[in-house]
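Trainee: My questions concern the predicted model and sequence given below.
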Amino acid sequence: MGNTCAQPKIGSQTYSTDNPEPLTKAQIQKRIVCSPKTETMSVSCSDCKFEIHHAYLSQRGYYPSQLNKANQDAFCSHPNYNDEKNIGLWGVFDGHGSDGDHVSNFAKLGIAKNCKEQLKKVGCESGKFADATEEQIMKAHHNAFVQTNKESDGKGFDAQLSGTTAITVFIRGNIMFVNNVGDSRAVVAVRNDSGGLKAEHLSIDQTPFRKDERERVKKCGATVRTIDQIEGLEPIHENWGINLGEEVDESGDPPRVWEWSLQRPGCAFTRSIGDHVAECIGVFAEPEPLIRGIDEETAFVVIASDGVWEFLTSQSVIDMVASYKGEDGPLEACKAVVAESYGLWLRYEVRTDDITMIVLSISGYEQKSGESSRMSSKDSINSPVRRTIIGQKTILHTESGSAGNIQRPVRRQMSKAKRRMIAERRTTEVNSAANKFVLEDHVKPKSDEERARIEKHIQSNFLFLHMTAKQKEAAISCMEMISVSSGDVIIKQGDAGDKFYIVDSGTFDVGVRNDEGVVQTVLTYENPGSAFGELSLMYGKPRAATVTATSEGKLWAINRIAFRSCMLKRNTAMDLISILKKVDVLKPLTIPQLQRLCDCMAEEEHEEHDVVIKQGETGERIYIVESGELVVTQHDEEHGAEREMMKLGKNDYFGERALMYNEARAATIVACTHVKLLTCSRQAFEEVVGDLKSLIARDQEKRESRLQRMSTYRVKSNQKEVNSLRGADRAMFDVKLVISDGEGKLDLENGLVGSFKLMSKGKVPIMYGMKAFNKKAVLESGESKGLEQERSILSSFDGQSPFIPILLGTFQTSTCCFSVLQQPLCLDLGTLMGDDETTLTEEDAKFYISCIVMGIGFLQKEGYMMRMVNPSSILMSQNGYPILANLTKCKKLTGQKSFTMCGDQAYMAPEMITSEGYDFSVDCWGLGVLGYEMIVGYNPFGTGDTNETEVYESIAGWGEGGFGKATGGMVGVSGDCKDFIDGLMTIDPTKRLGGNGVQDIKTCAWLREVSWMGLGNMDEDSPAIEICKRQLYEYDNKAVVDKFKEQVEEGDNVDDEEVFKGF
C-alpha cells in the first residue's frame, strides 16, 4: 500500500467525504513525511527478550485559506536512545497558534535533550538510563517537560499564545514510561482470552472534558465555556462527561479554558508546552506519568496527535492497525489510519488537521525465566495519574478517582462551516438539476383514492399552502410510496437530507441525542398526515433528529429536486431585465416594474418555417428570443417578393410597439429553426404594470420637476475624499467605537462596524465609518463571497444615497479586510429598538421606516434587492439616520425568480420559505415585519430561541390583517399605520404594498405627509440624534474596542490573494 488517500473500512462501514477531494493524490503525497520503511530495535533484558518494529507518518493539514501553512505536528523516534541498547524514546507533538510549528519542533528537540541532562540532576551519577531507578527516570522526564517549557519563552517565536501538546513513550527493557501533556494520545493493544485485541489507554486527554482538570484550572481563576455558551447560543452547563473511549456525536465546539474576560486564550486543553499567557489560569506543562510493563500479551502501541483521535475511537484505531501484518505492517498501518482520518476530516469539516502517528509493534516475546514479567502494583508514583497492573489490564486513576467521564469524545457531526458549505453546494446542484428536470420522467402511478388522500394530508402543511392547483398536482404526481417495517430508520440525526415524508399509516418515534450522547424519544407520529423533513426540502439542512418506524407503515416521499422543479414557473437563465432596459419604449419603467413585466411573460415554442408575426396584422405582443433563430422580411411591392431585412437570435426582441399602439406589424418574422420565445400581451402588461403611455407621461413630468429642483437638492461629491484616502492603511486610523450587541459580543463572521478617526498629520482628525472583517473568520464561515459581493456592489453604484453606505476606499492587513465609509456609524437599529430608555412612538417608527424605504428604493433603482431587512443590518449614522449597512446578501435583479434561502429567518417572506421563487418584494415584507416589531415591541414570528420550523410555519400561515388584529387594543396606533404594515405583510407578493416599486409605498396614506426631499437632504430632525451623538462622542467603548483589536485584528495571518484580491 502506497501513500495514497485511501478510505479503508472500519468493520463494514466506509466513510465518504461527501464532496470532491480538494487535493490530488500527488498533492497529498507531497504533504507526507514518513519512515522509509519499518525499522526494528531488539530488546534483551534480564528476564525477557523481544523486538520493537516501529514506523512513523506525519501528513500536513489542508487549510483552504492557508494552502501553504506549515505542518504544526512534530515527532521524534530515537531507538537506542542516549546510545544505550534496550532504550528507546518516541514522541508526538501537536502545535497550535500562529507559531505552533516552531514550538512543537522546539519541544521535540528540547525534551530529548533535557531528559538526558536531567537524569544526572535527579541522582543518577552515570547519566545512563540503564543504571537509573524508575523514580529517577520519571523525575527526569517530568523535569525535562517543565524545563523545555521554560526555555520556550524568548526563543524568537511566539510562545505566549502558541504552544504544543507532547506525549512521549520511553522504553527501558520491558517497562514503558509514558508522559503526557495535552490531548495527543498513546494506546496499547492487549491480547484478550478470546484472541482479540483490546485498546487500553496509556494516557488521558487533558481537556476540560475531564472534571478533575476542569476543577483544577477553575481553582486557578479560569472560566470553562464553549464558544456557543459565550455567544448565548447554548445554556451554561458542564454536562460534557463521557466514558473513556466512547463514541459520541459532538459538533466541534468543545469546552475551552478562558480568562475572566472570556477573550483569551480559549484553550481546548488544560496542559501544554508554551501558551505562557494561560499559565496564570492553570494551563501548565507538568506531565501526567504512567508506568506499564511489556509482556507476552502486549501486541503494539499507537502514539498519535488529535488529528487521528478527533473522529476515530481508540478501539477502531487498534482494529485497523491489527489488520496490517508482515514485515512492513507498522508503516502500512500508519498510512491506512492517517488516510482514514484525512477522509473523516473532509467529511465533517472544511479543512483537515495535521495528522501524525507512530506504531510500535512488539513481536518475538520470550521469557528468560519461568516467572511472569508483569509488574507489581506496589510500584507506584505519587502523581495525579498512576499505574496499577491487574492481570493484563492497565487502569488509569485521576485525582477525581476514576477513569470514566474524562476522555474527549469522538466527533460524529459536521462543523457549522462544513454544514454551510454543503448546503450552499447542494443548493447550486439542486437549482441546476431542477432546471433540467422533466416531470413526466418522475411521475409515480397512483390511484384516485391515493391522490385524494395525499391532497388531504398536505392541505395544512405550510410548504403547500400557497401552491397553485397545478403545482400541487405536479408535486403529488412525483411522490413515491415507501413501505417500512418496525425498526426501520427513516432519517438519522446529523445526516444530510433531501427528502420530505408524509405519514400515510403506521407509527414513528422521533429521537434526539442529548448532551450526554443518549437518544431520547421526544415525539411520536401516529396520525395520517403527520410530516417530517420540511427543512430538507427548503435548503438541504442536516437532519435535526432520528425518525424510526415502530410498526409497519407507509410513507409518501418527495425529494428536493422534484419539489423545487414543481415550484418553478419558467426555466430560463436569461437576464431579462438587461434585455428589456434596451427597449426604447420601456426605458421609463423602473426596475421593479420591469421585474413585474418579466413575471407575466409566457413561453412559446415554434418549429422551423412557422410564422410568428405577419406584416400588416395588428399586433398586441412583445417577444424576446430565448433560443433559436428567426428571419425578418418585408414585402417588396415593386417586385412582389419578400425581402430579408435581418436575422434575430438569442436575447433579441421584437414587437415592442404593440404594448403602446394598435398598429399594423411592419414586417413578417419566421422561425428558421426550432425557437423558444418569451412573450407578453398588452392586456397582461397593463394589468400588472399599468398603461405604458401614462407611465411615459409621468416619467417625463418627473424629469422636468427634477430639473427645476436641481438648484436646491444637494448632491454630495466625495471624489476629493476618495483621492485623499488612496494608499490608506490601518496605521492611519484610530478606533473610536465598535458596534456590538447588547452584551458586548462581536459578530466575527459577518464583520464589525464602527467609527474610526483618520489621524492626518497636522490636520484635524476626520471621523469615518469602517467595516472590518477578520479573514480567518470569514473563510471559516463561508461568507467570503458575500464580503466581495458587497464591496463590488458599493463600488458599482451610479448614484449615491444617504441611506446606503458610501464606500471611499478599501485596504487589508494580513488578518483583516477594511472598508472605509463616508458616514460615521454609532449603533444598530436593533439596539435602539431594545433600549429600555427609548420608547418608539408611531412618529419615530415613521421616520425610520421612511428612511429605510428610500434606501430600498435606491437599491431597486440600481437593480438590486437587499434580502436582509432586519434590525441588525440597519445602522445609525452620527446624525441619527438609518443606513442599510449589510449588503452581503444583495442580489442583482435579472427578471428571473430567485430561490436561495438567505437572510434572517424571522424576516423571510412566505414565498422564500415555500420555494415558490421570489423577487424584490421580499424586502417589502421584511420592512413590514420590522415595522411591526417597532410598533408592537416584538417579532410576530418568534425570537432567536424559537424552533426554526415553527418560525416558518408561522410565516406561511400568516393571516391577512394580522398587524391590525395585534394592535387592535393599542393606544396611539393609527388606522393608516395598521393599513400600511398589513399592506407590506400581504402573503401574495403581486398584491403586496410596494409590489410595483417603492413609489407605491411613498404615496400610501400613512407616509403621504413625509418630506421625501427633506429626508434626502437630511434636513429632518431624527428622534435618535442625541442618542447617536452620545454613543459616538461620550460612551466609554474601550472594552469593546480592546476586544475588537484582540479578536479581529490579532490572530493567524491569512494569505489568500484570490479571495481578498478586491481589497
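Mentor: On my side now, so go ahead. Numbers count the residues shown, from 1 in each chain.

Trainee: Downstream of the helix or strand containing Lys776, the next helix or strand is which one?
Mentor: If you go by DSSP states H and E, Lys776 is part of helix 775-781. The helix or strand immediately downstream of helix 775-781 is helix 784-796, counting by DSSP H and E.

Trainee: got the buried residues for that next one?
Mentor: Going by neighbour count (16 or more other C-beta atoms under 10 Å), the buried part of helix 784-796 is Ser784, Gly786, Leu787, Glu788, Gln789, Glu790, Arg791, Ile793, Leu794. Glycine gets a C-beta too; all of them are placed from N, C-alpha and C.

Trainee: how far does the next helix or strand after that helix sit from the chain's center?
Mentor: Per DSSP H and E, the first helix or strand lying C-terminal to helix 784-796 is strand 807-812. Distance, stretch centre to chain centre, for strand 807-812: 26 Å (C-alpha atoms, centre = their mean, to the nearest Å).

Trainee: so where's the stretch 601-750 of the chain uncertain?
Mentor: For the stretch 601-750 of the chain, the stretches with pLDDT under 70 are 687-690, 692-693, 695-750.

Trainee: quick one: the strands in it?
Mentor: Remark: strands assigned in the stretch 601-750 of the chain by DSSP state E, counting those that start in this stretch are 602-606, 611-613, 621-627, 630-636, 641-648, 653-654, 668-671, 675-681, 733-738.

Trainee: quick one on the thing from earlier: name the helices or strands packed onto the helix holding Lys776?
Mentor: Counting contacts by 3 or more C-beta pairs under 8 Å, 6 or more residues apart in numbering; DSSP states H and E, helix 775-781 is packed against helix 416-436, strand 816-821.

Trainee: can you tell me which of these the model trusts least?
Mentor: Here the lowest mean pLDDT among those goes to helix 416-436, at a mean of 53.

Trainee: and the closest residue to Lys155 other than its chain neighbours, what does it touch?
Mentor: Using C-beta to C-beta, 6 or more residues apart in numbering and skipping the chain neighbours, the partner closest in space to Lys155 is Phe106 (6.5 Å). By C-beta atoms under 8 Å, 6 or more residues apart in numbering, the contact set of Phe106 is Thr148, Glu151, Ser152, Lys155, Phe157.

Trainee: what about Phe106, helix or strand, and which?
Mentor: Counting by DSSP H and E, Phe106 is found in helix 100-121.

Trainee: Send over that helix as CSV, restricted to the C-alpha atoms.
Mentor: Provided in CSV are the C-alpha atoms of helix 100-121 (Å, rounded to 0.1, in the frame of the first residue of the first chain):
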residue,chain,number,x,y,z
GLY,A,100,2.8,26.3,16.7
ASP,A,101,5.2,24.6,14.3
HIS,A,102,8.1,26.4,15.9
VAL,A,103,7.0,25.4,19.4
SER,A,104,6.4,21.7,18.5
ASN,A,105,9.8,21.3,16.9
PHE,A,106,11.5,23.1,19.7
ALA,A,107,9.7,20.8,22.2
LYS,A,108,10.7,17.6,20.4
LEU,A,109,14.4,18.6,20.5
GLY,A,110,14.2,20.1,24.0
ILE,A,111,12.6,17.1,25.7
ALA,A,112,15.1,14.6,24.1
LYS,A,113,18.0,16.9,25.2
ASN,A,114,16.7,17.8,28.6
CYS,A,115,15.7,14.3,29.6
LYS,A,116,19.4,13.2,29.3
GLU,A,117,20.6,16.3,31.2
GLN,A,118,18.1,15.9,34.0
LEU,A,119,19.0,12.3,34.6
LYS,A,120,22.2,13.3,36.4
LYS,A,121,20.5,16.1,38.3
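
Trainee: hang on, Phe269 packs against Ile167?
Mentor: No: Phe269 is beyond contact range of Ile167, at 11.8 Å (criterion: C-beta atoms under 8 Å).

Trainee: Between these two, which contacts overlap?
Mentor: Gly182.

Trainee: Could you tell me how far stretch 29-45 lies from the centre of the chain?
Mentor: On C-alpha atoms, centre = their mean, the centre of stretch 29-45 falls 40 Å from that of its chain.

Trainee: which other residues reach that stretch?
Mentor: Residues contacting stretch 29-45 (C-beta under 8 Å, 6+ apart): 3-4, 23, 49-60, 62, 71, 77, 79-80, 85-86, 88, 171, 173-174, 327-331, 334-335, 338, 361.

Trainee: for Val187, what are its contacts?
Mentor: Per C-beta under 8 Å, 6+ apart, neighbours of Val187: Ala199, Glu200, His201, Leu202, Val301, Val302, Ser314, Val317, Ile318.

Trainee: Neighbour-wise, which one of these leads?
Mentor: Val302 (28 neighbours; other C-beta atoms under 10 Å).

Trainee: Enumerate every residue touching that residue.
Mentor: Contacts of Val302 (C-beta under 8 Å, 6+ apart): Ala186, Val187, Val188, Ala189, Val317, Ile318, Val321, Met357, Ile358, Val359, Leu360.

Trainee: Between the buried residues of helix 784-796, which sits nearest Glu953?
Mentor: Gly786 (27.7 Å; C-beta to C-beta).

Trainee: how close does the closest residue to the closest one other than its chain neighbours get to Leu794?
Mentor: Nearest residue to Gly786, sequence neighbours excluded (C-beta to C-beta, 6+ apart): Thr888, at 3.3 Å. According to C-beta to C-beta, to the nearest Å, Thr888 stands 11 Å off from Leu794.

Trainee: repeat for Gly834
Mentor: In this view, Gly834 and Leu794 are 28 Å apart by C-beta to C-beta.

Trainee: and if you look at Glu617?
Mentor: Taking C-beta to C-beta, one finds Glu617 at 49 Å from Leu794.

Trainee: Tell me which residue of the chain is positioned farthest from its centroid.
Mentor: Residue farthest from the centre of the chain, counting by C-alpha atoms, centre = their mean, is Glu638 at 70.4 Å.

Trainee: which residues of the stretch 301-450 of the chain score low on pLDDT?
Mentor: 369-437.

Trainee: Point to the helix or strand of this structure where mean pLDDT is at its lowest.
Mentor: strand 389-390 (a mean of 32; mean pLDDT, DSSP states H and E).

Trainee: for Gly972, what are its contacts?
Mentor: Thr841, Glu842.

Trainee: and the nearest residue in space to Phe797 that is not next to it in sequence, how many neighbours?
Mentor: Of all residues beyond its chain neighbours, the one nearest Phe797 is Glu862 (5.5 Å), with distances taken as C-beta to C-beta, 6+ apart. By other C-beta under 10 Å, 18 other residues sit near Glu862.

Trainee: Same question for Tyr661.
Mentor: Counted with other C-beta under 10 Å, Tyr661 comes out at 13.

Trainee: give me phi/psi at it?
Mentor: phi -120, psi 140 (degrees, to the nearest 10).

Trainee: Relative to Met320, how far out is the nearest residue to Ile281 once chain neighbours are set aside?
Mentor: Nearest residue to Ile281, sequence neighbours excluded (C-beta to C-beta, 6+ apart): Ala222, at 3.9 Å. Noted for Ala222: a distance of 36 Å to Met320, by C-beta to C-beta.

Trainee: Name the residue in those two with the higher neighbour count.
Mentor: Per other C-beta under 10 Å, whichever of Ala222 and Met320 has more neighbours is Ala222, with 24 against 18.

Trainee: Now that that one has come up, it's in contact with Cys280, right?
Mentor: No: taking contacts as C-beta under 8 Å, Ala222 lies outside contact range of Cys280: 9.1 Å.

Trainee: State the helix or strand in which Asn831 lies.
Mentor: Not quite, residue 831 is Thr, not Asn. helix 829-833.
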